[in-house]
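Peer 1: With the input below, show me the fold.
(one chain, ligands or ions: 2)
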Amino acid sequence: MGPLADISSTALLLIQNNLPRDLTWPFLLTTLALGIALWALRNGRGAKDATGQEQPAATLVHFLLPYDIYSHVSARVDVSLYVFERILRPLWAGGLILAVGVTAETAIISSLVDALGESPSLEVNYAWMMLYSFVTLLLYDFIFYVIHYAEHKVPALWVIHKVHHSAEVLTPLTRYREHVLEGPIYAAGSALAYGLAGGVFAWIFNGGITQATLFNIGLFSLIFGFNGSFRHYHVAFHYPKWLSQWLHSPVMHHTHHSYLEKHWDTNLAAVTSIWDRLFGTLYIPEKDEPTPWGLGPQTQDSYRSFWQNTTGPFRDWYAMASGNTIKAANPLAGGASSDRSRDSTH
Ligand SMILES: [Zn+2]
Ligand SMILES: [Zn+2]
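Peer 2: Ligands and ions are numbered 1, 2, ... in the order given. Predicted coordinates:
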């Protein structure tokens with residue numbers, strides 16, 4: 001039996017693995033502490049305003065919590081979408097994650113047993129645990145990349161993901177701004193990654209391996225949790241260029257949310273730059289490059305309120321099914337890959 005299939009620990013483990021997506025105080029506090037450090041290092045510069053432009057040197061409070069961002073209708077809609085998604089989440093989360101994770105893990109273990117025989121039962125040490133974390137991270141990042149890429153390129157999926165991109169300002173809660181239909185897609189993807197990596201390592205170590213931890217948090221969860229919190233913060237946090245070639249710096253997600261054409265479909269992975277580099281979608285922005293957020297002036301009006309965002313995909317699907325293409329509903333939308341308007345491909 002592998003770690004996910006072990007009945008007694010499965011539920012706990014999966015909930016734990018699912019934690020990085022939750023808004024937790026340590027990650028918010030880390031974001032705040034780093035924000036203060038950046039403010040001090042750059043003499044009050046480096047924060048962006050609600051239009052995605054660098055704002056002039058600001059006082060600490062204005063730098064960390066600018067009024068134009070936190071009073072924006074987009075920030076309020078972030079809260080409603082977050083609450084709505086959390087209320088519905090228990091309906092599907094446990095069952096779906098368990099089914100996908102356990103199926104993937106069991107399938108991997110039995111095919112390894114078929115192909116290579118019984119587990120070699122290697123002895124676990126910290127280096128192996130690090131490797132297990134690293135492989136899980138890479139696999140998770142890859143599956144995230146594939147799902148995200150498809151969401152940007154397939155018009156019927158883009159209308160779901162559009163809700164995340166309709167954010168006109170970035171706040172740590174924007175991370176959870178998604179349509180209720182999007183949560184299950186990513187949850188299944190992450191369960192698949194954990195199941196596949198878990199299956200391979202469970203076979204090698206006869207089920208006896210766990211991920212490496214730091215301060216009792218999985219290394220993977222730590223990196224993912226930090227990255228997710230800061231990349232939806234309005235402060236531009238650049239890494240040195242060489243590091244950005246390997247890891248997404250938080251500001252690289254600012255360009256992902258920009259409606260400027262040169263930024264479309266870039267930086268699609270969750271944590272590393274490896275997959276974006278390999279598939280040619282990596283974009284490392286210049287220092288304080290403007291990144292106006294959202295869907296663009298022509299489409300934004302139909303994806304602004306909570307209600308518009310919640311019904312948006314159904315509205316767009318209906319338009320597509322009636323053969324009108326989304327153009328009928330939104331002036332910028334083409335719904336075809338030949339039309340590279342912001343609305344049809346992001
Ligand atoms: Zn996206
Ligand atoms: Zn985002």
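
Peer 1: Show residues contacting stretch 35-46.
Peer 2: With contacts defined as Cβ atoms under 8 Å, 6 or more residues apart in numbering, stretch 35-46 is touched by 47, 54, 56-60, 63-64, 233, 235-237, 288. Glycine gets a C-beta too; all of them are placed from N, C-alpha and C.

Peer 1: is it possible to export those to a markdown table including pLDDT?
Peer 2: Converted to a markdown table, these look like this (pLDDT from 0 to 100):
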| residue | pLDDT |
| --- | --- |
| A47 | 95 |
| E54 | 92 |
| P56 | 92 |
| A57 | 93 |
| A58 | 92 |
| T59 | 94 |
| L60 | 96 |
| F63 | 96 |
| L64 | 95 |
| Y233 | 93 |
| V235 | 95 |
| A236 | 94 |
| F237 | 93 |
| D288 | 85 |
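
Peer 1: Name the nearest of those relative to D316.
Peer 2: Y233 (29.3 Å; Cβ to Cβ).

Peer 1: and that closest one, how many residues sit next to it?
Peer 2: As a burial measure, Y233 scores 27 neighbours (other Cβ atoms under 10 Å).

Peer 1: ditto for L196
Peer 2: 20.

Peer 1: Grab the nearest non-local neighbour of it.
Peer 2: Nearest in space to L196, with sequence neighbours left out and distances taken as Cβ to Cβ, 6 or more residues apart in numbering, is A104 at 5.2 Å.

Peer 1: now do H263
Peer 2: T255 is the one closest to H263 (Cβ to Cβ, 6+ apart), at 4.4 Å.

Peer 1: Kindly provide the distance from L112 to G199.
Peer 2: Computed as Cβ to Cβ, to the nearest Å, the L112 to G199 distance reads 7 Å.

Peer 1: In terms of neighbours, single out the busier of these two.
Peer 2: Neighbours around L112 and G199, counted as other Cβ under 10 Å, are more numerous at G199. The numbers are 25 against 17.

Peer 1: correct me, but the more buried one touches T103?
Peer 2: No - checked against Cβ atoms under 8 Å, the pair G199 and T103 is beyond contact range at 10.0 Å.

Peer 1: For S110, give me the pLDDT.
Peer 2: At S110, the predicted lDDT confidence score is 89.

Peer 1: What count of nearby residues applies to it?
Peer 2: 12.

Peer 1: Helix, strand, or coil at it?
Peer 2: helix (DSSP: H, G, I helix; E, B strand; the rest coil).

Peer 1: Quick one: residues contacting it.
Peer 2: So S110 contacts nothing (Cβ under 8 Å, 6+ apart).

Peer 1: Look up how far V102 lies from it.
Peer 2: 12 Å.

Peer 1: Show the contacting residues for W128.
Peer 2: Contacts of W128 (Cβ under 8 Å, 6+ apart): 122, 205, 209.

Peer 1: redo that, cut-off 10 Å
Peer 2: 122, 201, 204-205, 209, 212 (Cβ atoms under 10 Å, 6 or more residues apart in numbering).
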